[in-house]
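1. sequence first, predicted coordinates after that:
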Amino acid sequence: MNLIASEIDHSIAHLERGEVILYPTDTVWGLGCDARNSEAIKKLYRIKERDSNKPMLCMVSDMEMLKQYVDVRPEVAAYLNNISRPTTVIYPEVKGLPSKLLALDGSIAIRIVNDPFCTPLIKTFGAPIVSTSANKSQHPNPSSFEEIEDSILERVDYIVNLQSEKKLEPPSRLVKIAKDGSINILRE
């Protein structure tokens, strides 16, 4: 078994137990948990010391998984199929995920991840994973694994043993889908 497959297996075991993992994403080192598990989400908020009224994004493995949770209009699907960099999309409504992940207006941020670790992790896990940067709320995002605060490292349940040399990538593009289906770019 190769290292990625082994780390996927270990990560899934922790996610299934409602635990929080520290893992490399397509943009930054992130904290994650099962997006369907309200208790795991609460634990993640405590680790991050984040205001529970601030939503977090979810990552899905592909369009098929995305469509299980949000309505994806054809024009949005076409847009998503033609992007080349990480893009987080805010959808006006969601089904089947805890309200803890939603903004006050009921919207949710989701990214289809394209990463050699995250994509197979989420696909094998079979459900969205919460993703938030591996820092305390109001603290700067760490630009590398070495910059992650000890208090974060000590409080997570599992640290994925991959890409410890990974450097901070630019944040994902941020796009909001209005209820009428129009696409608005919030952060390029």
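-> Nice, thanks for sending it over.
2. and the biggest helix by length in the chain, which residues are buried?
-> Longest among the helix segments of the chain by residue count, using DSSP state H, is helix 3-16. For helix 3-16, the neighbour count (16 or more other Cβ atoms under 10 Å) marks 7, 8, 11, 12, 14, 15 as buried. (Glycine included, C-beta is placed from N, CA and C.)
3. any idea how far residue 118 is from the most centrally placed residue in the chain?
-> Centroid-nearest residue in the chain: residue 131, 2.6 Å away (criterion: Cα atoms, centre = their mean). Applying Cβ to Cβ, to the nearest Å, the value for residue 131 to residue 118 is 8 Å.
4. what's the answer for residue 83, then?
-> Relative to residue 118, and taking Cβ to Cβ, residue 83 is found at 16 Å.
5. so which of these two has more stuff around it?
-> Neighbour tally, residue 83 and residue 118, criterion other Cβ atoms under 10 Å: the higher count belongs to residue 118, 26 against 13.
6. where do the strands sit along this structure?
-> 21-24, 29-32, 57-60, 87-91, 108-112, 129-133, 158-159, 173-177, 183-187 (DSSP state E).
7. so which of those is nearest residue 39?
-> Closest of the strands of the chain to residue 39 is strand 129-133, at 12.3 Å (criterion: Cβ to Cβ).
8. quick one: that closest one to chain centroid distance?
-> Its chain's average C-alpha position is 3 Å from that of strand 129-133, according to Cα atoms, centre = their mean, to the nearest Å.
9. tilt between it and helix 3-16?
-> 100 degrees (axes from the mean of the first three to the mean of the last three Cα atoms, to 10 degrees).
10. average model confidence for strand 129-133?
-> For strand 129-133, mean pLDDT is 95.
11. contacts for that strand, please.
-> Residues from elsewhere that reach strand 129-133 (Cβ atoms under 8 Å, 6 or more residues apart in numbering): 15, 25, 28-35, 40-41, 44, 48, 50, 56-59, 101, 111, 118, 121-122, 141-142.
12. for the residue nearest to residue 179 when sequence neighbours are not counted, grab phi and psi.
-> Distances taken as Cβ to Cβ, 6 or more residues apart in numbering put residue 92 closest to residue 179, at 4.8 Å, once the chain neighbours are dropped. Here is the backbone geometry of residue 92 (degrees, to the nearest 10): phi -70, psi -20.
13. from residue 58, how far off is residue 92?
-> In terms of Cβ to Cβ, residue 92 sits 15 Å off from residue 58.
14. pull up the gap between the residue nearest to residue 122 when sequence neighbours are not counted and residue 73, please.
-> Excluding the flanking residues, the one nearest residue 122 by Cβ to Cβ, 6+ apart is residue 61, at 4.0 Å. Relative to residue 73, residue 61 is positioned 20 Å away (Cβ to Cβ).
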